[in-house]
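> Pasted the sequence and its predicted model underneath.
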Amino acid sequence: MPEYVGAVDQGTTSTRFMIFDHGGNEIGRHQLEHEQILPKAGWVEHNPVEIWERTASVIQTGLGKSNLQAEDLAALGITNQRETTVIWNKKTGRPYYNAIVWQDTRTDKIASKLERDGHGDTIRHKAGLPPATYFSGGKIKWILDNVDGVREAAENGDAIFGNTDSWLLWNLTGGPRGGVHVTDPTNASRTMLMDLETLDWDDELLAIFDIPRSMLPEIKPSSAPDPYGMTLATGPLGGEVPLTGDLGDQQAATVGQVCFAPGEAKNTYGTGNFMLLNTGTDMVRSKAGLLTTVGYQFGKEKPVYCLEGSIAVTGSAVQWLRDQFGIISGAAQSESLARQVEDNGGMYFVPAFSGLFAPYWRADARGAIVGLSRYNTNAHLARATLESICYQSRDVAEAMEQDSGVKLETLKVDGGVTANQLCMQIQADVLGVPVSRPVVAETTALGAAYAAGLAVGFWKDTDELRQNWNEDQRWEPNWDEEKREAGYAEWKKAVSRTLDWVDVD
């Protein structure tokens, strides 16, 4: 039997290919960034063709650097930036428009009209989501309504939709020459179009958005013993490998962090932050501004659900310091700059560039830096940026406790920002609980590999996966309760200053 499993991790800013052994250890990787296209304020796009080309390249290079071939892989899994919407022609493989990224806010009028027309409660009940710019349904509708010829192509069966998982699966299995058009419940549950109970596209939701059912991919389990398809021998892997794992990136990280029991939670620090709490096979409908989402579905087992707190801007706020503000040359420098000061100097930064996601769901909010005085320096801004990541995570943790009654005892963390020692210490201080990072910090790709490997028997069961998890580092809280609560009260005051900045119909 082959000794490894491969995973494609198609993220918001880059695509990586990773290879893991049976112990969950990284054997090889390659990663490439892609362009962030910003045509207007609030608009964020990617070129789907560039994403596919980058995917093909990282697979080929990753295998080559590891001296491996397709036959060395037992299976291939995919994980992806969720909600990012691609519509393409199934006969030619050409996208009709750029991918509209999950951060994009152009659909704010669509979302607010859904509420005004009385559809909000239906969407919340069936899909577990509030009407918001974040999700795919509004983005599909925008393309159908605003790009010439796409609605007609959709109605005659030529235009098809997918989040980036479906786009890559289709291309890896042949594209216009017989590519499979599939997705899994974790991705489908981010569209506002799937019923959480039936795990199928819902006719009432489709009618609300005026989206033809024929556009949508078939929904298959996240770990599929019956493969979605085989990679082409002429494709980037250079051989046939079963495609058996598909998970949205945050659900993949939940699997990679082996949060398989109700009450277990993880927080991923990437472009945004995403905290997921396993609630088991029972759905918990949030009353505190969280999302109800599918955590994973393995084979024919019942789906496992999660409560999720999605935060739009965390790691990308550090990227903003680098690219737009120019006060650091790289993400790592944010830590050394922030360490020059002992605290934020009274400065708070709320990076509501795309409005505020959980638990606020305010499309009218915009970013703000408050509490400034002549005393403040670049170092205070760097520190306030790291603190904003941690305070936003506390907002979500508080909502999770309110909804579930489960008090966080330890927070499992993963993602690129966890390399920032100061940020993780601040996170422990702000939450008042230990923060734990695993040996394999790239748990998103690992989760996709686990889903793919379980499907083909590479791993026997989730108990075997638990044995692979090992702690790399733990941060204990240092702040006393008075300092913690005073800082959080100031943060909440700063958040209030960002609201009602943009007029939303």
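Done, it's in.
> okay, and for the stretch 151-300 of the chain, where does confidence drop off?
For the stretch 151-300 of the chain, applying pLDDT under 70 flags no range at all.
> just the chain next, same as before
For the chain, applying pLDDT under 70 flags the ranges 504-505.
> Can you give me the distance of the residue located most distally from the centre of it to Q297?
The centre of the chain is farthest from one residue, R374, which by Cα atoms, centre = their mean lies 38.0 Å away. Distance, R374 to Q297, using Cβ to Cβ, to the nearest Å: 56 Å. From N, CA and C alone the C-beta is placed, and that goes for glycine too.
> cool, and F349?
According to Cβ to Cβ, F349 and Q297 sit 39 Å apart.
> go on, M1?
Between M1 and Q297 the computed distance is 25 Å (Cβ to Cβ).
> So between the two, which is more surrounded?
Q297 (24 against 7; other Cβ atoms under 10 Å).
> show me what contacts that one?
When contacts are counted by Cβ atoms under 8 Å, 6 or more residues apart in numbering, Q297 touches 184-186, 199, 221-223, 303-304.
> Can you tell me the SS state at A7?
Following DSSP: H, G, I helix; E, B strand; the rest coil, we place A7 in the strand state.
> That one against A74, yeah?
No - at 11.9 Å, A7 does not count as touching A74 under the criterion of Cβ atoms under 8 Å.
> quick one, which of these two is more surrounded?
A7 (31 against 23).
> for T186, phi and psi?
Dihedral angles of T186 (phi, psi; degrees, to the nearest 10) stand at phi -70, psi -40.
> That one touches V294, doesn't it?
Yes - judged on Cβ under 8 Å, T186 makes contact with V294 at a distance of 5.1 Å.
> got any residues that touch both of those two?
Common neighbours of T186 and V294 (Cβ under 8 Å, 6+ apart) are Q251.
> higher neighbour count, the two?
Taking neighbours as other Cβ under 10 Å, T186 and V294 compare with T186 leading, 31 against 26.
> Next up, the contacts around that one.
82, 222, 246-248, 251-252, 293-297.
> circling back: among the contacts of Q297, who's most crowded?
Ranked by neighbour count (other Cβ under 10 Å), these have S222 at the top, with 33 neighbours.
> Is that one in contact with G245, as I believe?
Yes - S222 is in contact with G245 according to Cβ under 8 Å; the separation is 6.8 Å.
> pretty sure D403 is touching L291, no?
No - here D403 lies out of contact with L291, judged by Cβ under 8 Å, at a distance of 10.5 Å.
> Could you name every residue contacting both of these two?
Residues touching both D403 and L291 (Cβ under 8 Å, 6+ apart) are L307.
> Which strands or helices does the helix ranked longest in the chain pack on?
Criterion DSSP state H: the longest helix present in the chain is helix 378-404. Where contact means 3 or more Cβ pairs under 8 Å, 6 or more residues apart in numbering; DSSP states H and E, helix 378-404 is packed against strand 265-269, strand 273-280, strand 304-311, helix 315-320, helix 333-338, strand 348-350, helix 421-431, helix 481-496.
> for stretch 269-283, how far is the first residue from the last?
This stretch, stretch 269-283, spans 25 Å end to end (Cα to Cα, to the nearest Å).
> what does stretch 80-95 give?
18 Å.
> can you pull the buried residues of it?
With burial defined by 16 or more other Cβ atoms under 10 Å, the residues of stretch 80-95 counted as buried are 80-90, 93, 95.
> For burial, what's the neighbour tally of the residue lying closest to T92 once chain neighbours are set aside?
Nearest residue to T92, sequence neighbours excluded (Cβ to Cβ, 6 or more residues apart in numbering): P176, at 6.1 Å. Using other Cβ under 10 Å, the number of residues around P176 comes to 14.
> Report the contact partners of P176.
Shown in contact with P176 (Cβ under 8 Å, 6+ apart): 90-93.
> The residue nearest to E471 when sequence neighbours are not counted pairs with what?
Sequence neighbours aside, S436 is the residue nearest to E471 in space, at 5.5 Å (criterion: Cβ to Cβ, 6+ apart). For S436, the beta-bridge assignment (DSSP bridges) gives partners K412, R474.
> Just list the residues touching S436, thanks.
Shown in contact with S436 (Cβ under 8 Å, 6+ apart): 410-413, 471, 473-474.
> one more time with 10 Å
Taking Cβ atoms under 10 Å, 6 or more residues apart in numbering, we find S436 in contact with 257, 266, 410-414, 418, 424, 428, 471-475.
> List buried residues within the residues you listed.
With burial judged by 16+ other Cβ under 10 Å, the buried subset of the contacts of S436 is 257, 266, 411-414, 418, 424, 428, 475.
> Looking at the residues you listed, which two lie furthest apart in space?
Spanning the widest gap among those are Q257 and A428, at 17.1 Å by Cβ to Cβ.
> mind checking how far L206 is from V150?
16 Å.
> Comparing the two, which shows the higher neighbour count?
When neighbours are counted by other Cβ under 10 Å, V150 comes out ahead of the other of L206 and V150, with 20 against 17.
> what's across from S14 in the sheet?
Residues in beta-bridge contact with S14 (DSSP bridges): E33.
> residues near it, how many?
S14: 16 neighbours (other Cβ under 10 Å).
> again, but for S66
With other Cβ under 10 Å as criterion, S66 counts 18.
> in what helix or strand does the closest residue to it other than its chain neighbours lie?
In space, and not counting its chain neighbours, S66 is closest to G28: 3.2 Å by Cβ to Cβ, 6+ apart. Using DSSP states H and E, the element containing G28 is strand 26-33.
> For that strand, output the C-alpha coordinates as PDB.
Output of strand 26-33 as PDB, limited to C-alpha atoms (Å, rounded to 0.1, in the frame of the first residue of the first chain):
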ATOM      1  CA  GLU A  26       4.800  16.400   7.000                       C
ATOM      2  CA  ILE A  27       6.900  14.800   4.300                       C
ATOM      3  CA  GLY A  28       6.900  17.500   1.700                       C
ATOM      4  CA  ARG A  29       5.200  20.800   0.600                       C
ATOM      5  CA  HIS A  30       5.200  23.500  -1.900                       C
ATOM      6  CA  GLN A  31       3.300  26.800  -1.800                       C
ATOM      7  CA  LEU A  32       2.600  29.700  -4.100                       C
ATOM      8  CA  GLU A  33       0.700  32.900  -3.600                       C
END
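> I'd like the next helix or strand past that strand.
Criterion used, DSSP H and E; the element after strand 26-33 is strand 45-46.
> Which positions in the helix or strand following that following strand come out as buried?
Using DSSP H and E, the helix or strand that directly follows strand 45-46 along the chain is helix 48-65. For helix 48-65, burial by neighbour count (16+ other Cβ under 10 Å) applies to 48-56, 58-63.
> Okay then, goodbye and thanks.
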